[in-house]
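[1] The following comprises the amino acid sequence and a computationally predicted model.
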Number of protein chains: 2
Amino acid sequence: MTDEFDVIVIGAGSTGENAAARAVRGGLSAAIIESELVGGECSYWACMPSKALLRPVAVAAEARHVRGVTGTELQPDKVLARRDDFAAGWKDDGQVEWLHGADIELFRGVGRLTGPRMVAVGDRLLRARQAVVVATGSDAVVPAELAAARPWTSREATSARQVPPRLMIVGGGVVACEMAAAWSALGSRVTLLARGRLLAKLPEFAGDLVAAGLRDAGVDVQLGATVAAVRAADGSVRATCTVTDGAMEADEILAATGRSPRTTDIGLETVGLTPGQWLTVDETLRVAGVEGGWLYAAGDVNHLALLTHMGKYQARICGDAIAARAKGKKPKVTDWASTRCIPQVVFTVPEVASAGLTPEAAERAGLRTRLVEYELGKVAGASLYDDDYSGRAQMVVDEDRRVIVGMTLAGPGAGEMIHAASIAIAGEVTLDRLWHAVPSYPTISEIWLRLLEEYGL
Amino acid sequence: MTDEFDVIVIGAGSTGENAAARAVRGGLSAAIIESELVGGECSYWACMPSKALLRPVAVAAEARHVRGVTGTELQPDKVLARRDDFAAGWKDDGQVEWLHGADIELFRGVGRLTGPRMVAVGDRLLRARQAVVVATGSDAVVPAELAAARPWTSREATSARQVPPRLMIVGGGVVACEMAAAWSALGSRVTLLARGRLLAKLPEFAGDLVAAGLRDAGVDVQLGATVAAVRAADGSVRATCTVTDGAMEADEILAATGRSPRTTDIGLETVGLTPGQWLTVDETLRVAGVEGGWLYAAGDVNHLALLTHMGKYQARICGDAIAARAKGKKPKVTDWASTRCIPQVVFTVPEVASAGLTPEAAERAGLRTRLVEYELGKVAGASLYDDDYSGRAQMVVDEDRRVIVGMTLAGPGAGEMIHAASIAIAGEVTLDRLWHAVPSYPTISEIWLRLLEEYGL
């Protein structure tokens, strides 16, 4: 039996849900296929549970840094219970109800392309009149040398129900840093082994501040460390690890060493594409090299920006584009941000937030740039916020257009401050105009005035 | 003896300091006159001490609203000591040193105009070759019916060394709300008597949320209450107050009922102006109706925006304008924000932040506007931030230009989020552009996406 829909979305994470919903809003019918929980990685094994763990850690750290506030303690069991609630107990009833309300038909099972516009799920065959959207996301990569220890990935690190006495984290990126902050605050003795520096894609000061914050919290941060071999051990000791400078034991190991696309088993070969690869898309999220232009890919799977909010942004554009083309119209809105203004917040202590291009990326893009940096702790609002405020801001200016193309903020409270930079970047607001956006005194946002003064305004 | 300077600034608060510093940066010589402490109201009796009191209150409230965090307590004596430090012990040595480093000559005493370009201070007569800047600020107004009780004004409320057992606050504006939040958290039994609603200049929901927050904190908030008479009493009871519904006793009364310009005794009559009035200025901060255009007024005294950051903004423009005109040039930058984009943060629990025009002001300006509102608590980042998050956002859109002209945010963390709105307003970034400024998930800033979706994007 074949069911027909205008749009078929493979993967009901936040990206898939948004793509389907925008298509429906545009007058199309939509089906969505999910092999696990509706809501996807973000709801159960990433953003929601990780931030549910990290917010108590952050606010407790903030309270401890303000004179006159005392006695703040974390209750690990209650923090874990809070996390369970934010992950909806790993049940997707609420999300299924949302799909229903949004007029999106759900098929449970693994969705696989069987040819142009055709998708099989279980014993059903679905046909897409307009488009198929791949929103299957990404998987954690477990390096071969860690596999023997059956390590945690981001999934177990965000959903574990016990605090491991000793946790070894391999990696230096966002997952590694955030989970080191969370589990050390909850009572684990955490060792973090990073090949290079922390948060290597961001300006160096960001990783330095996070390393200092983790060390303050009792994490053993080892930079330039490589894990040669791991063997599973008996009883309470899960793994013994041979590292650069000797051996080490831990009760759990977290492999936080990268992501791979979930495209190995979705039938890409039936439409002329190669399984296991990231899908290359144009600025309407349409996959390159597919005749008829009916295949789209949004979210992690296209490798533009492995972040929930960017997946959702692409999903909105993709769903709208499909609806426009179904009416024979040209899509009105195309993806601008995925290549120019990706914002990101790392919810460590302190937080790190960035938007737009790093200095290196700006240079690669051929821009004539100037960097402006300023110590956040010198801003009155920052010293009022935290008696020991330590942080730094970096602004990347495109000198030819006198606009900001990148910003990095590292310090307590940075997470909610970065959207101002995203607006300045996306709005291409000139520095001379930014002069009239007066930051309130005494907020940390006064960093904007200091950066502009430092620039020479 | 007459000393000559290019610029003479009367009043060494943050506004005066900045005006002088910008003039010096422009190649001019500058003198500054101060009758009290260099650094002014903001440093000793307003922003700095009030926020030093309020930050511990805010972070303690935040900690108490996150499950898994326990035991947080305020230590009133340490909060007061923190405040003392942020007010530099009410000594201005640091500020005097800053003036010295900035090449600004300080004269202590009351500065009074004695005629065009002439200012007397003590037995010195100073002559300004280019300009005189009035930056004398404003005073608290004490209503006649409260005068008998010698009430606190904002000065005593921010600098008091003891927590009064019972504090009665008369007023419903920023000072009243902030000081109610501070002193109730420090142990006072606070009664707040407001003639109308709280924060009456902002959208109604803001005052409602602050009233609810104050009541949660134990403040007796009485709206629509007028104080008929106050008499001073003996001993520990400072005042008895006859209010709408009877009488009330308190140990201290805070009069937070408005401000008047500090222009009664600065010799305005010698240059054809009327003492005791606010000074009307043009967009270079030049006072209207003064022949030769040598008199400027920046900060509170011009009544455009009684806020430290706006005074500093005007000061930069004013100092630059004076320096430009001294070279026979037209000022490059003029005051845009004071009439279009005044940002403000009220550091209550929850915080309230606003920028730009209220719906009423936008209507008065003849704009065709549309209001978009959204519950902040429905944003995932808000619920992660605070388990009981309650807040609201309002966006005022100029429909003809499709740009935001006003924004109000009320809720925990709002203070650092408003600068994004200031940039959108000052940058006149269209809604279609704002669509590409993607808020990070899961931050409270995702409210931007919700507001745009609600608008119809």
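    Here it is on my side, so go on. Only a predicted model underlies this, so the values are computations on that prediction, with no experimental measurement involved.

[2] list the contacts for the residue lying closest to A:E252 once chain neighbours are set aside?
    Spatial nearest neighbour of A:E252, excluding adjacent residues (CB to CB, 6 or more residues apart in numbering or on different chains): A:P164 at 4.0 Å. For every residue, glycine as well, the C-beta is placed using N, CA and C. A:P164 makes contact with A:W183, A:S188, A:A250, A:D251, A:E252, according to CB atoms under 8 Å, 6 or more residues apart in numbering or on different chains.

[3] quick one: which of these sit in strands?
    A:A250, A:E252 (DSSP state E).

[4] need the contacts of A:P164 in JSON lines with pLDDT and neighbour count, can you?
    As requested, the contacts of A:P164 are exported to JSON lines (pLDDT from 0 to 100; neighbours: other CB atoms under 10 Å in any protein chain shown):
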{"residue": "A:W183", "pLDDT": "98", "neighbour count": "25"}
{"residue": "A:S188", "pLDDT": "98", "neighbour count": "26"}
{"residue": "A:A250", "pLDDT": "90", "neighbour count": "25"}
{"residue": "A:D251", "pLDDT": "91", "neighbour count": "19"}
{"residue": "A:E252", "pLDDT": "93", "neighbour count": "24"}
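
[5] out of the contacts of A:P164, who's nearest B:V429?
    Proximity of these to B:V429 (CB to CB) peaks at A:W183, which lies at 40.4 Å.

[6] and which of the contacts of A:P164 is nearest to A:G311?
    Minimum distance to A:G311 across the contacts of A:P164 is 26.1 Å, recorded for A:W183 (CB to CB).

[7] how about the residue nearest to A:E252, secondary structure?
    On the three-state scheme (DSSP: H, G, I helix; E, B strand; the rest coil), A:P164 is labelled coil.

[8] Let me know the pLDDT of it.
    pLDDT, A:P164: 96.

[9] One more: the one 5 residues further on?
    For A:I169, the model assigns a pLDDT of 96.

[10] Quick check: which element contains it?
    Per DSSP states H and E: A:I169 is located in strand A:166-170.

[11] A:G406 belongs to a strand?
    Yes - according to three-state DSSP, A:G406 belongs to a strand.

[12] Tell me how many other residues crowd it.
    Residue crowding around A:G406 was assessed by other CB atoms under 10 Å in any protein chain shown; the count is 26.

[13] Would you map out the domains in chain A?
    What automatic domain parsing lists as the domains of chain A is A:2-45+A:87-139+A:260-337, A:142-257, A:350-455.

[14] By mean pLDDT, show me the worst of the ones you listed.
    Of all those, domain A:142-257 has the smallest average pLDDT, which comes to a mean of 90.

[15] and that one, how far apart are its ends?
    Using CA to CA, to the nearest Å, the end-to-end distance of domain A:142-257 comes out at 7 Å.

[16] How far off centre is it?
    18 Å (CA atoms, centre = their mean, to the nearest Å).

[17] Then stretch A:30-46?
    Put simply, stretch A:30-46 sits 16 Å off its chain's centre (CA atoms, centre = their mean).

[18] do that stretch and chain B meet?
    Yes - on the criterion CB under 8 Å from any CB of the partner chain, stretch A:30-46 is in touch with chain B at A:C42.

[19] still on that earlier bit, redo the domains of chain A as a markdown table? Include distance to B:E375.
    Output for those, formatted as a markdown table (distance: least, CB to CB, whole Å):
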| stretch | distance to B:E375 |
| --- | --- |
| domain A:2-45+A:87-139+A:260-337 | 17 |
| domain A:142-257 | 27 |
| domain A:350-455 | 17 |
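
[20] Report the contact partners of the nearest residue to A:L279 once chain neighbours are set aside.
    Among residues not flanking A:L279 along the chain, A:A297 sits closest, at 3.9 Å (CB to CB, 6+ apart). A:A297 makes contact with A:V133, A:V134, A:A135, A:L279, A:V281, A:L285, A:V287, according to CB under 8 Å, 6+ apart.

[21] Tell me how far A:A297 lies from chain B.
    A:A297 sits 18 Å away from chain B, going by CB to the nearest CB, to the nearest Å.

[22] Please name the bridge partners of that residue.
    Beta bridges link A:A297 to A:V134 when assigned by DSSP bridges.

[23] Go ahead and flag the most central residue of chain A.
    A:L307 (3.3 Å; CA atoms, centre = their mean).

[24] and the residue nearest to A:D386 when sequence neighbours are not counted, what pLDDT?
    Of all residues beyond its chain neighbours, the one nearest A:D386 is A:H65 (4.4 Å), with distances taken as CB to CB, 6+ apart. What the model reports as pLDDT for A:H65 is 97.

[25] Contact partners for A:H65?
    By CB under 8 Å, 6+ apart, the contact list for A:H65 reads A:D386, A:D387, A:D388, A:Y389, A:P412.

[26] Leaving out sequence neighbours, find the closest residue to A:V396.
    A:G406 (3.5 Å).

[27] doesn't A:E360 make contact with the one you found?
    No - taking contacts as CB atoms under 8 Å, A:G406 lies outside contact range of A:E360: 9.9 Å.

[28] about what we covered before: ok, the strand holding A:I169: who's next to it in the sheet?
    Strand A:166-170 sits in its sheet next to strand A:189-194 (parallel), strand A:252-255 (parallel), going by DSSP bridges.

[29] what element comes up after the first one heading to the C-terminus?
    By that I understand strand A:189-194. Moving toward the C-terminus from strand A:189-194, the next helix or strand (DSSP H and E) is helix A:204-216.

[30] hang on, the earlier thing: next, work out how far apart the residue nearest to A:E252 and chain B are.
    18 Å.

[31] for stretch A:219-228, which positions count as buried?
    A:V219, A:D220, A:V221, A:Q222, A:A225, A:V227 (16 or more other CB atoms under 10 Å in any protein chain shown).

[32] what sits against the third one?
    If a contact means CB under 8 Å, 6+ apart, then A:V221 has A:A180, A:L192, A:A194, A:L198, A:A211, A:L214, A:R215 as its contacts.

[33] would you say it is within a strand?
    Yes - counting by three-state DSSP, A:V221 is part of a strand.

[34] circling back: phi, psi of the residue nearest to A:D386?
    A:H65 adopts backbone torsions of phi -100, psi 10, taken as degrees, to the nearest 10.

[35] give the contact list for the nearest residue to A:T430 once chain neighbours are set aside.
    Leaving aside its chain neighbours, A:T430 sits nearest to A:R402 (4.9 Å; criterion: CB to CB, 6+ apart). Contacts for A:R402 (CB under 8 Å, 6+ apart) come out as A:T430, A:L431, A:D432.

[36] Give me the number of neighbouring residues for the second one.
    Pointing back at A:L431 there. With other CB under 10 Å as criterion, A:L431 counts 20.

[37] Quick check: the gap between it and A:A437.
    11 Å (CB to CB, to the nearest Å).

[38] could you list every residue that touches the residue in the stretch 151-300 of chain A that chain B sits nearest to?
    Closest residue of the stretch 151-300 of chain A to chain B, CB to the nearest CB: A:L186 (9.1 Å). Shown in contact with A:L186 (CB under 8 Å, 6+ apart): A:L53, A:V57, A:L74, A:P76, A:V79, A:L80, A:V163.
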